[in-house]
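> Test case, fold it:
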Amino acid sequence: MWYRGKKHFQKLADIHNHHIFLYKISLTNNPAIMNRRLSVLSIFIIFSFTSVSQDQSSVKFGQVTASDFSLKNIKVDTTYGAVILSEIGNSYFDGNSDGWFTLMHQVKKRIYILNKKAFDLATVAVYLYHASNNDSEEKLENIKASTYNLVNGNVEEIKMSKGDVFREKMSANNIVKKFTMPAVKEGSIIEYSYTIKSDFLFNLQPWHFQGNYPKLWSEYKVQIPQIFDYITLSTGYLPYHLVDNKTKRCIYLLRERRSISALGPGTTSASSDRTETFTYESQDNIVRWVVKDAPVLKEENFTTSVNNHITKIEFQQSAVNIPGSETKNIMRSWPALSKDMMEDKDFGEEVIASNKWLDKNWLNNPETVSLENAKNIFHYVQRNIKCKGNSGKYKSQTFKETFQNKNGFTADVNLLLTMLLHKQGFNVNPVILSTRSHGMITASYPLIQQYNYVICKLTINDKVYYLDATSPNRSFNYLPTYCYNNGGRCINVETPSFEPLFADSISENKITNVLLMLDDKGSNWKGTLQSSYGNAEAEDIRETISEKGLAYFNKKISDAYPPDIKLNEIKFTNLDSTEKSLAIKYDLNIENNASDIIYFSPMLKEAITENYFKAPDRYYPVEMPFKLYETYMIKLFIPVGYTVDEIPKSERLNLDNNDGMFEYLVRKNEDDIDIRVILKLNKATFPVEDYETLRTFFDLVVKKEAEQIVFKKK
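Residues are numbered from 1 along each chain as shown. This next block holds a predicted model:
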């Protein structure tokens, strides 16, 4: 029921950009069904609210007994040095004195410190939002913190002093407040609680049900008035102990201070302030999630970011529903967001500007719109503008400053490249993406904070080229592997298209040829090894040589071989040309000890000596940076006076559903032996249910490539 009328709320909606959208999360304990939840991101919509369970944490905050110091009958991994016994979060809205809403976030946590490995948990950091355009910021209130120690069978409580809270500025928009628990030692239980009070309604706090320490009970409840909509993002693979959905009728008191003239309308003298109170009746949406016995998610080989896979809940503003008015959408569409970004002085405004400061003679053939000229512009930028690192998708300076200073961050370099190509008449647009370590994007929603990198998209005769000029050792139309995550978004006002930048779309190919012949005495093998590399490994080699020198790299190659194998005449092909395939060739001299039995490993240093996948179990996908196609060939002459006593057998292994294959082909001739080995992976990402098959496959590869040829003296 409205007691102050709709007009007031319309005014408030014009002032405040706040919103919400709620979901329904599907839940099951069936492992077969849970495996089908392996998409990293799940987005749901709540249509109904049904009470699932009334389970509560057994921890009574503020009441620690001697029995709480025992972990008997509790199955938990104690190797991390601490156990989160219980953590409970609660986010809700409250009416404030500005005639609007304040967002409240309460946290309670109890932790058992088992040993000094976890002493870092004794310092608590709470991150708060700070508005860069004024001095307003989120407030940290109601801090309570105590350390409990068991002394001679009795529980002693040491409370933290209220003044032991310290403030640090992290950036223009972020501060952190820290406090340290007193008298913490091995075997302590620490307990603390606090409230974050925020007028920034976009900052509805996320909740991580998994972390760096095992958690016995992790609970989060969110209560949202029906006036607001949020998008809710859920990731992870742990089953929820419960999800409790319901609605509740609530009345909010909103207060607003107004200046009222004492002499009536139209007068300017004598006035007084009066606080007016009005109410808003709402059917609030309440969702409560609980996860029990959450293990630490260990980072394994070939993982983009563990943060992509831990079980967590995050929120994003969507809309505000003004009673009696149309819904006010806060989250922009991709066309609208693209328009804003292209008009932003820190992103696209300069890309399409005249840029009259630019010297007309900076590039030959400035009027030629051709692939050759596009490559010339790309190479000019990558060789003349040094990249200082990635600082996000926005520029740190003007194009003129980047061009004249000859350095900048990723966005400075790649947006400059985009501008130069645009100025020459090319069809070109910036593309924003999220790097592999930063996290995955939600492609269907324009959640701009999920993007942290920008590249250039060039289209010539309907062929698309993706360009990143941040390294002088990178090939044209090749992106660094960390850019191939789960797609990007082309920032184009008319057609802001999704760009399929997936690791499965690129392949890394390598070919190695070895020829070993006996010397005149028949005692040693001498020959050559030549390898040609794919883009990723070639860039790494060029980068290493440019940073540490040729002598360092040559030593690195030599050190990869055992002492009885000597390298000479290391030569490079196309080392300085990123447009051509990089190759390395060197001479090999392998000592033969002339004993009665000679053991020879035909794979030399190219063998995979350890399985990449050692863990017996894995709870999230295998995410390789690219598909793989490696070929290794060796021709080996049989030593004079010896016969072949043992030799590996030919073998072929297929990975499920044509996902890959391993082939080891052997042919023994009268005087020599030919071996060809092919390792091929036809996709880069393997779901968790394929892990055991992939692990077994590489076990067999490691075992096969370790096999030796045995020569026996006649």
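
> Only the buried residues of stretch 677-684, if you could.
Residues of stretch 677-684 classed as buried by neighbour count (16 or more other C-beta atoms under 10 Å): 677, 679-681, 683-684. From N, CA and C alone the C-beta is placed, and that goes for glycine too.

> same question, stretch 185-192
Quick answer for stretch 185-192 (16+ other C-beta under 10 Å): 188-192.

> try stretch 111-126
Under 16+ other C-beta under 10 Å, the buried positions of stretch 111-126 are 111-114, 118-119, 121-122, 124, 126.

> starting at the chain centroid, how far to it?
Its chain's C-alpha centre and that of stretch 111-126 lie 25 Å apart, by C-alpha atoms, centre = their mean, to the nearest Å.

> End to end on that stretch, go ahead and measure it.
16 Å (C-alpha to C-alpha, to the nearest Å).

> do the same with stretch 519-533
OK, stretch 519-533 end separation, C-alpha to C-alpha: 29 Å.

> Count the neighbours of Ile638 for me.
By the criterion of other C-beta atoms under 10 Å, Ile638 has 18 neighbours.

> from here on, count from 884
With 884 as the first residue, the last one maps to Ile1521.

> Next, the contact list for it, please.
1527, 1554-1556, 1594 (C-beta atoms under 8 Å, 6 or more residues apart in numbering).

> where do the strands sit along the stretch 1434-1583 of the chain?
1448-1456, 1466-1473, 1480-1483, 1505-1506, 1510-1520, 1525-1529, 1534-1538, 1543-1551, 1555-1564, 1568-1569 (DSSP state E, counting those that start in this stretch).

> Please work out which of those is packed deepest.
strand 1505-1506 (a mean of 22; mean count of other C-beta atoms under 10 Å).

> what about it, average pLDDT?
What strand 1505-1506 shows for mean pLDDT is 96.

> same for it, what does it pack against?
strand 1568-1569 (3 or more C-beta pairs under 8 Å, 6 or more residues apart in numbering; DSSP states H and E).

> Can you give the strand pairings for the strand it packs on, parallel or anti for each?
strand 1505-1506 (antiparallel) (DSSP bridges).

> what's the partner strand in contact with?
Counting by C-beta under 8 Å, 6+ apart, 1185-1187, 1319, 1386, 1496, 1567-1569, 1573-1574, 1577 sit against strand 1505-1506.

> between those, which has the most around it?
Neighbour max across the contacts of strand 1505-1506 (other C-beta under 10 Å) = Thr1187, 26 neighbours.

> State the pLDDT value of it.
93.

> out of everything not next to it in sequence, what's closest to it?
Arg1319 (4.0 Å; C-beta to C-beta, 6 or more residues apart in numbering).

> Please identify which of the buried residues of stretch 994-1009 is nearest to Leu1450.
Relative to Leu1450, the closest of those is Ala1001; by C-beta to C-beta it sits at 47.7 Å.

> Now do the SS call for that closest one.
helix (DSSP: H, G, I helix; E, B strand; the rest coil).

> That one touches Gly964, doesn't it?
Yes - contact criterion C-beta atoms under 8 Å: Ala1001 and Gly964 qualify, at 3.5 Å.

> Among the buried residues of stretch 994-1009, give me the pair with the biggest separation.
Once C-beta to C-beta is applied, the buried residues of stretch 994-1009 give Leu997 and Val1009 as the farthest pair, at 23.9 Å.

> What strand or helix carries Val1337?
strand 1336-1343 (DSSP states H and E).

> Next up, the contacts around the residue lying closest to Phe1292 once chain neighbours are set aside.
Nearest residue to Phe1292, sequence neighbours excluded (C-beta to C-beta, 6+ apart): Ser1274, at 4.3 Å. Taking C-beta under 8 Å, 6+ apart, we find Ser1274 in contact with 1292-1294.

> Out of these, the closest to Ile1338 would be?
Thr1293 (8.6 Å).

> how far away is the closest one from Tyr1277?
Look at Thr1293 and Tyr1277: by C-beta to C-beta, to the nearest Å, they are 10 Å apart.

> And Met1224, by the same measure?
Where Tyr1277 is concerned, Met1224 sits at a distance of 9 Å (C-beta to C-beta).

> For the two, list the residues in contact with both.
Phe1230.

> Looking at those two, which one has more neighbours?
Remark: of Met1224 and Tyr1277, Met1224 carries more neighbours, 23 against 16, as counted by other C-beta under 10 Å.

> Excluding sequence neighbours, find me the nearest residue to that one.
Phe1230 (4.8 Å).

> quick check, that neighbour in a strand?
No - per three-state DSSP, Phe1230 lies outside any strand segment and is coil.

> Please name the residues that touch it.
Taking C-beta under 8 Å, 6+ apart, one finds 1224, 1276-1278, 1294, 1298, 1313, 1337, 1374 in contact with Phe1230.

> now do 10 Å
1223-1224, 1276-1278, 1294, 1298, 1313, 1315, 1337, 1374 (C-beta atoms under 10 Å, 6 or more residues apart in numbering).

> ok, these vs Tyr1515, which is closest?
Of those, the one sitting nearest to Tyr1515 (C-beta to C-beta) turns out to be Val1337, at 38.4 Å.

> Thought Asn1273 was touching the closest one, still the case?
Yes - in this structure Val1337 lies within contact range of Asn1273 using C-beta atoms under 10 Å: 9.3 Å.

> In a markdown table, list the buried residues of stretch 1560-1567 along with distance to Lys1586.
Converted to a markdown table, the buried residues of stretch 1560-1567 look like this (distance: C-beta to C-beta, whole Å):
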| residue | distance to Lys1586 |
| --- | --- |
| Val1560 | 13 |
| Leu1562 | 14 |
| Lys1563 | 18 |
| Leu1564 | 18 |
| Lys1566 | 23 |
| Ala1567 | 24 |
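
> Point out where this protein drops to low pLDDT.
884-937, 1142-1155, 1246-1250, 1404-1406, 1476-1477 (pLDDT under 70).

> Now do the strands in the stretch 1034-1183 of the chain.
Using DSSP E, counting those that start in this stretch, strands in the stretch 1034-1183 of the chain cover 1037-1042, 1048-1054, 1057-1063, 1072-1081, 1090-1091, 1098-1107, 1111-1118, 1125-1144, 1154-1177.

> Can you lay out those as CSV showing distance to Lys943?
Converted to CSV, these look like this (distance: least, C-beta to C-beta, whole Å):
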stretch, distance to Lys943
strand 1037-1042, 13
strand 1048-1054, 25
strand 1057-1063, 23
strand 1072-1081, 10
strand 1090-1091, 22
strand 1098-1107, 12
strand 1111-1118, 29
strand 1125-1144, 20
strand 1154-1177, 17
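
> Show me the one of these that comes nearest Asn1244.
The nearest among the strands of the stretch 1034-1183 of the chain, by C-beta to C-beta, is strand 1048-1054 at 40.7 Å.

> relative to strand 1072-1081, how tilted is that closest one?
50 degrees (axes from the mean of the first three to the mean of the last three C-alpha atoms, to 10 degrees).

> Enumerate the positions of strand 1048-1054 that are buried.
Result for strand 1048-1054 [16+ other C-beta under 10 Å]: buried residues Val1048.

> before we move on, what about stretch 1260-1277?
1260-1261, 1263-1265, 1268, 1270, 1273, 1275-1277.

> now stretch 1317-1324
1317-1319, 1321-1324.

> Show only the entries of the buried residues of stretch 1260-1277 found in strands.
Cys1270 (DSSP state E).

> so, if you compare the buried residues of stretch 1260-1277, which one comes nearest to Ile1331?
Lowest distance from Ile1331 to the buried residues of stretch 1260-1277 (C-beta to C-beta) belongs to Lys1276, with 8.3 Å.

> Could you find the closest non-adjacent residue to that closest one?
According to C-beta to C-beta, 6+ apart, the nearest residue to Lys1276 is Val1337 (4.7 Å).

> Enumerate every residue touching the one you found.
So Val1337 contacts 1224, 1230-1231, 1273, 1275-1278, 1293-1298, 1301, 1313-1316, 1351, 1371, 1374 (C-beta under 10 Å, 6+ apart).
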